[in-house]
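[1] Test case, fold it:
(chains A and B)
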Number of protein chains: 2
Amino acid sequence: MLSTQPYKGVRDFFPDDIKVRNYIFDTWRKVCLSFGYEEYDGPFLEPFELFSAKTGDEIVNNQLYSFEDKSGRKVAIRPEMTPTVSRMAAEKIRMQTPLPLKWFSIADFYRYEKPQKGRGREFYQLNVDIFGEESVNAELEILLLNKGIMEKFGATDKMYEVRFNNRFLMNYLYERIASLTVPEIKAVQKAVDKKAKISNSEFESLLEKDIDKSKIKKVHEVLNLTISDIKKLKDLPDKASNLLKLMEMAQKVGIKNIIYDPALVRGLDYYDGNVFEQYDLTKGNNRSMFGGGRYDGLISLFIDKKVPAVGFAPGDITLMEFLKSWNLLPETGSLVNLLVTVFPGNKACLEKSLEVSEKLREYINVETYLNPDMELTKQLKYADRKSIPFVLIIGPDELAKELLLIKNLKTEEQSKMKSLQDVVKLIKS
Amino acid sequence: MLSTQPYKGVRDFFPDDIKVRNYIFDTWRKVCLSFGYEEYDGPFLEPFELFSAKTGDEIVNNQLYSFEDKSGRKVAIRPEMTPTVSRMAAEKIRMQTPLPLKWFSIADFYRYEKPQKGRGREFYQLNVDIFGEESVNAELEILLLNKGIMEKFGATDKMYEVRFNNRFLMNYLYERIASLTVPEIKAVQKAVDKKAKISNSEFESLLEKDIDKSKIKKVHEVLNLTISDIKKLKDLPDKASNLLKLMEMAQKVGIKNIIYDPALVRGLDYYDGNVFEQYDLTKGNNRSMFGGGRYDGLISLFIDKKVPAVGFAPGDITLMEFLKSWNLLPETGSLVNLLVTVFPGNKACLEKSLEVSEKLREYINVETYLNPDMELTKQLKYADRKSIPFVLIIGPDELAKELLLIKNLKTEEQSKMKSLQDVVKLIKS
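    Residues are numbered from 1 along each chain as shown, chains lettered A, B, ... in the order given. Have a look, this model is predicted:
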């Protein structure tokens, strides 16, 4: 016998699971469309080089599903969307499509990881990107869109927060205030990226390994700067002051749950401007949900052009945990409105049941019972176990009198009706 | 530089492509829900054994994408859904879920094939299955559902036909009329499966290779039986006469484009009762679109129980060709209703544009122009190139007078409005 279990770390979506999944996908899609974003999708398999070029080493070396196809081409299952969407956007930009492109997709990804809570080998992500907008309004719109999504899910801004930083600003501050060299900045950023997961003394020894002792005090000074300290700095370069511009605009348009976090790094791979990360504020379980930011350099992997880009990518698994912990998942009932029963052993009744079902389907979702010999009580029990709210019975008596017997399974009320329109009206009321 | 092209034989879905894809998926989903079917989805990767157990040799040996994961597990990318849905249904049946299960999914599949017209390495399929219904009403409902889908796409029954056969009936006829042995029946079926693609003399020599000459005349007799010949046969076993029952019921419920085809085989792998295949009747290009049938044995790979099953699986590529050749693909315009422009170099106007966009999004899809320095004429040109029907302009004059200037880009009409509700009304009218 074969096992009924799926491959390790991936999910089967049974009908109850798909209702939740569709609720999440529909909400994502609706909000993205309301912001005028266009949907796209890329293929599940991509040439291996697409990921080795720019996706982080950790993913490519340890987590990528890759293999050779029957012609010896090295291919990989997508672990993220950014390389694909950059490839596709580059193709459109080459074809002179007017900029900006505002695109979104909802797609599944695979990574070979140790399955654990909130992390499987397979997950879905909404990917939202703007290509071709240099101003900080691009980041601002991504934040507004994120807020729109969270509101549609019923979340208030007390339930999550958005932490912000700017990669260019940090490099500038480390250089100007702590006089760090480029390799020293990289080392500091790597240590800071680990900071939340290690002790203070471990953090100190990480710094001491690579940074001149005289400079470490200054590194702490940089990490302790508040947003108002930064505002007071003179001659901040444009790309660094984008952080201040964004914070100011965000507050003006009513985004309150946004805080400056000098310890936010978000890997080192393609981000080169403002970056952000969203945290679930569930008490005692303050989790990172997802992040995003500006990656102006990526398109130039494909075409000889610099095209600014900003994006973010919430995932379905962390979102589902967020919705569960704040009790925001809606009840999902049956999508079937009515079971049309079939009167056992009566061919004329069966034909009538089929005909009536067919006509009702224009207005409501109708399941027809198909076994022509099953007792009626068992058919009713089936509807009840599947939480179908109404059943319709056409027996020889109803057939002769041209009546439809309809029963509400919750209230047990039943009534005989002449017209299909009355049935639809009752069920929709 | 990296190529902007996708992996060979797979598709990028740009925004214009996704509109068509969503139209097809939405139509499939709507009709399945109206029949009371429940949606599910399985994982993209499955254990290799799931396919080697029952999927046809041609697919497993030549077309399956399979490889070892980092722990040495042999996995495969799904080439079809039937093994997965049987695995998942078996799990539910083991958990005492009431039968029948009526399930559908819309999913993508990979097969390593030579890319050609109507066939890529990646395709989407709607999969519709009923588990647990023995009567021929299961096949009948699948046919009704198929008809419902075709009608929703605007197809009449002159545009396609459904060819029918019954695997059990053919075995019975070959045995009874032509006195064939079991291996001879297999050989005949293999030859018949190729019949449409080879010449008559090639077909004859195929038969002569494996069948006793004295029996070949009788084989032709079987292949020439019409449906009324079969009706006259006495003592037809129940499972064989299911073909007649289905044809009779189908005609009663108004399915007219259904014909008996004794040469229909549909592979040899899991079908064991009624089988059917749908043909596009486009003149001069009479193509097979997809098929389906009864496969009562498959669930017993997973649990010690026989559960009857019927299913069919239309694919997106053959469907798209059908819709194109009958001119049934709808026009797809922009999903964005309105571009809210931003008055160049004026921060107060930008903030107002953002605020207005935000409020309108509850009712319509609104793109906000983000570049704060772009000339208005270029913003209008951008809307026009993207076929966005309306633009809204808030300049210093409108800001002072609390007005909204709205312009219809097709008619060039413009009007100044006080309230957002009026804007929504104009756009929705």
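[2] Going by C-alpha atoms from here, please, whenever you check contacts or count neighbours.
    Will do.
[3] Excluding residues flanking it in the chain, which one is nearest A:Q125?
    Excluding the flanking residues, the one nearest A:Q125 by CA to CA, 6 or more residues apart in numbering or on different chains is A:G315, at 4.2 Å.
[4] For the closest residue to chain B within the stretch 251-400 of chain A, which residues are in contact?
    Residue of the stretch 251-400 of chain A nearest chain B, by CA to the nearest CA: A:N365 (3.9 Å). Each residue near A:N365 by CA atoms under 8 Å, 6 or more residues apart in numbering or on different chains is listed here: A:335-338, B:33-36.
[5] For the buried ones among those, write the corresponding ChimeraX selection.
    Buried residues within the contacts of A:N365, by 16 or more other CA atoms under 10 Å in any protein chain shown, are selected in ChimeraX with:
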select /A:335,336,337,338 /B:33,34,35,36
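[6] Please tabulate the contacts of A:N365 in TSV, including the columns pLDDT and distance to B:P237.
    Formatted as TSV, the contacts of A:N365 follow (pLDDT from 0 to 100; distance: CA to CA, whole Å):
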residue	pLDDT	distance to B:P237
A:L335	97	39
A:V336	98	36
A:N337	97	38
A:L338	98	36
B:L33	98	35
B:S34	98	35
B:F35	98	31
B:G36	98	32
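[7] about what we covered before: got the phi/psi numbers for the residue nearest to A:Q125?
    phi -110, psi 160 (degrees, to the nearest 10).
[8] repeat for A:N285
    Backbone geometry at A:N285, expressed as degrees, to the nearest 10, gives phi -150, psi 60.
[9] From the contact counts, what lies against the helix or strand containing A:I406?
    If you go by DSSP states H and E, A:I406 is part of strand A:404-408. Secondary-structure packing of strand A:404-408 (3 or more CA pairs under 8 Å, 6 or more residues apart in numbering or on different chains; DSSP states H and E): strand A:390-393, strand A:414-417.
[10] helix/strand/coil for A:P43?
    State at A:P43, reduced to three classes by DSSP: H, G, I helix; E, B strand; the rest coil: coil.
[11] Oops, could you answer that again for A:S288 instead?
    A:S288 ends up strand, using three-state DSSP.
[12] how about the strands in the stretch 51-200 of chain A?
    Assigned by DSSP state E, counting those that start in this stretch, the strands in the stretch 51-200 of chain A fall at A:66-68, A:74-77, A:101-110, A:122-131, A:160-166.
[13] Name the residues of the stretch 151-300 of chain A found near chain B, please.
    By CA under 8 Å from any CA of the partner chain, the residues of the stretch 151-300 of chain A that approach chain B are A:V253.
[14] so where's the stretch 151-300 of chain A shaky on pLDDT?
    For the stretch 151-300 of chain A, the stretches flagged by pLDDT under 70 are A:268-269.
[15] That one: helices as residue ranges?
    A:167-178, A:182-194, A:200-210, A:213-223, A:227-232, A:238-252 (DSSP state H, counting those that start in this stretch).
[16] Using JSON lines, lay out the ones you listed together with mean neighbour count and distance to A:E413.
    Putting the helices of the stretch 151-300 of chain A into JSON lines (neighbours: other CA atoms under 10 Å in any protein chain shown; distance: least, CA to CA, whole Å) gives the following:
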{"stretch": "helix A:167-178", "mean neighbour count": "19", "distance to A:E413": "66"}
{"stretch": "helix A:182-194", "mean neighbour count": "18", "distance to A:E413": "63"}
{"stretch": "helix A:200-210", "mean neighbour count": "14", "distance to A:E413": "68"}
{"stretch": "helix A:213-223", "mean neighbour count": "15", "distance to A:E413": "69"}
{"stretch": "helix A:227-232", "mean neighbour count": "12", "distance to A:E413": "65"}
{"stretch": "helix A:238-252", "mean neighbour count": "17", "distance to A:E413": "55"}
